[in-house]
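Enquirer: Please work out how this folds:
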Amino acid sequence: GDFLGGGGFVSMSSFFERSSFLEKLTIRCDAAAESDDFSRGLAKALSKFNSLKLFESQMNPRMAHKVLGALAGHTELESLHLRSDVSLENKAFSALSVLLWRRNSKLSDLGLDLRYDDANYMFGDPTFAGAMGMVRDDGMVAVSSGLGGKNALKSLRMCGNKNVSSSGWRAFSTLLGSSRSMLQSLHMPLNSIGNDGMTHIANGLAKNKVLRSIDLSATRNVTSSGWRAFCAVFQSTESALEVMSLWDNNIGSDVHVAWASSLASNQSMKELGMHFCPSMTPVGMTAFTHILCNKSTIMTTFLSNHALGRVITGDTNTVNTPELDLLLKNNRVHTAFGAARQKIIMYHFSDADSLQLFKEMDLGILPNALAWMSRVVEPGSNESGDGVGEDMKFDAGSVLLYKLLRDMPELFENNTGETRKRKRG
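Expert: Residues are numbered from 1 along each chain as shown. Prediction:
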């Protein structure tokens, strides 16, 4: 991109006119190449053909509307990634809304990103300290309006915006809470959201039935009160949220405890990634351990959380308690029913006294209990090879059945071939 300039694109017009086969176009250029002529030449080139499925380029804030207008003719466009450290003009967002509202749009992946990789900003590279992001309040309203149409958008990246106020985030949260939103993945690190904005987002997510993952890393101007708003999301029976990426945020022990309590009955959330956030305290670990396995009774254990498989805080040296790790791994490698079964056996049938229950059990029930105990372990829906470790390579039911056979042979055939006679209740 640096050597082309606007004239370069114009001189290549014959190539683009014959480019009915061209599906992917990625343009890398620095700020010096983002002249008005460059954008005009690019827009003219894009108007010469209509076959693009992927387009990625840094944007000239003044001329972005011309490029987006030219992309309107690419009806097969599926992925659009725009990059800028400064805000685009309103007419650019109006052109973007046209793309999103277009009938039978195939656009499923939209990125409104900072100029460089997120890590350059997230870990404090001073070169990028002045980046403000491309979206302001008016742009957020336009994007939210466009996303409210009948479009195919499944993934949205919107990073590093420091000029969006609470009202802008409220407009966005209205979209999130709408049944029209088809978003499944939302990547929003490095935004200046604030407590009020985060509360608006949480309120929208609590009503969202399709979003599966959200990234809110490095949202450093949100305090405990803003993060606690997500309790409503975790308690919502409508939320489908499974993964939260929350790197480098100020999420402390009080939030850990509040989140743990609100996750007690949640059966969708699978991962809380709080890397480089404050490490979880013993109080927080105890709270998560309790909701993963409430040991009060067999029924409370059965009704515990069997979905959450990862809770990560602190740096790479931070470790959870062995029991918390065991329960998280148990949830990862089993279905919800299988995880509940493992916990019930481990915590309610692990000593000699509990085996007496089987000895006294009615013969009409005992075969069902033995079948439940010896059921083949079913794999969970999570990925394999996640470092489960030796401690999860056995089935608690098989261990219990072995103990029963060893300690209570009278339940089975004796050495003389006679069976123990018991009356059915």
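
Enquirer: Do you have the strands of the stretch 51-200 of the chain handy? List them.
Expert: Taking DSSP state E, counting those that start in this stretch as the criterion, the stretch 51-200 of the chain contains strands spanning 54-58, 79-83, 109-113, 155-158, 185-187.

Enquirer: Then the stretch 251-400 of the chain?
Expert: Counting by DSSP E, counting those that start in this stretch, the segments of the stretch 251-400 of the chain that form strands are 271-275, 310-314.

Enquirer: Including mean neighbour count and distance to residue 212, could those strands go into TSV?
Expert: Yep, even glycine has a C-beta here, placed from its N, CA and C like the rest. Below are the strands of the stretch 251-400 of the chain laid out as TSV (neighbours: other C-beta atoms under 10 Å; distance: least, C-beta to C-beta, whole Å):
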stretch	mean neighbour count	distance to residue 212
strand 271-275	20	11
strand 310-314	19	15
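
Enquirer: nearest to residue 85, of the ones you listed?
Expert: strand 271-275 (25.0 Å; C-beta to C-beta).

Enquirer: So which residues make contact with the closest one?
Expert: 242-249, 251, 259, 308-315 (C-beta atoms under 8 Å, 6 or more residues apart in numbering).

Enquirer: was I right about residue 164 contacting residue 188?
Expert: No. Assessed by C-beta atoms under 8 Å, residue 164 is found out of contact with residue 188, at 10.4 Å.

Enquirer: Tell me which of the two has more neighbours.
Expert: Set side by side, residue 164 and residue 188 show more neighbours around residue 164, with 25 against 22, by other C-beta atoms under 10 Å.

Enquirer: mind showing which ranges of the protein have poor pLDDT?
Expert: 1-20, 29-34, 116-130, 150, 352, 376-394, 410-425 (pLDDT under 70).

Enquirer: one more time with 80, if that's ok
Expert: Residue ranges of the chain with pLDDT under 80: 1-20, 28-35, 103, 115-131, 146-151, 315-318, 350-360, 363, 366-367, 369-425.

Enquirer: And the most centrally placed residue in it, how close does it get to residue 396?
Expert: The chain has residue 213 as the residue nearest its centroid, 2.1 Å off, counting by C-alpha atoms, centre = their mean. Going from residue 213 to residue 396 by C-beta to C-beta, to the nearest Å gives 31 Å.

Enquirer: same check, this time on residue 186
Expert: Relative to residue 396, residue 186 is positioned 38 Å away (C-beta to C-beta).

Enquirer: Same check on residue 323?
Expert: Using C-beta to C-beta, one gets 14 Å for the distance from residue 323 to residue 396.

Enquirer: Check residue 258 too.
Expert: Distance from residue 258 to residue 396, counting by C-beta to C-beta: 31 Å.

Enquirer: before we move on, what about residue 230?
Expert: 33 Å.

Enquirer: Please say which of those two ends up with more neighbours.
Expert: Using other C-beta under 10 Å as the criterion, residue 230 and residue 396 rank with residue 230 on top: 28 against 20.

Enquirer: Now do the same contact list for that one.
Expert: Per C-beta under 8 Å, 6+ apart, neighbours of residue 230: 202, 205, 244, 259, 262.

Enquirer: picking up where we left off before, possible to save the strands of the stretch 51-200 of the chain as a markdown table with mean neighbour count and distance to residue 65?
Expert: Listed next are the strands of the stretch 51-200 of the chain as a markdown table, based on neighbours: other C-beta under 10 Å; distance: least, C-beta to C-beta, whole Å:
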| stretch | mean neighbour count | distance to residue 65 |
| --- | --- | --- |
| strand 54-58 | 20 | 14 |
| strand 79-83 | 19 | 12 |
| strand 109-113 | 21 | 14 |
| strand 155-158 | 20 | 19 |
| strand 185-187 | 18 | 24 |
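
Enquirer: could you dump those strands to a markdown table with distance to residue 291?
Expert: Formatted as a markdown table, the strands of the stretch 51-200 of the chain follow (distance: least, C-beta to C-beta, whole Å):
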| stretch | distance to residue 291 |
| --- | --- |
| strand 54-58 | 42 |
| strand 79-83 | 39 |
| strand 109-113 | 35 |
| strand 155-158 | 30 |
| strand 185-187 | 25 |
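
Enquirer: which ones are touching residue 237?
Expert: Contact partners of residue 237, counting by C-beta under 8 Å, 6+ apart, are absent.

Enquirer: do you know how far it is from residue 157?
Expert: 29 Å.

Enquirer: and the nearest residue to residue 225 once chain neighbours are set aside, how far is that from residue 223?
Expert: The shortest distance from residue 225 to any non-neighbouring residue, by C-beta to C-beta, 6 or more residues apart in numbering, is to residue 195 (5.3 Å). For residue 195, the distance to residue 223 equals 6 Å [C-beta to C-beta].
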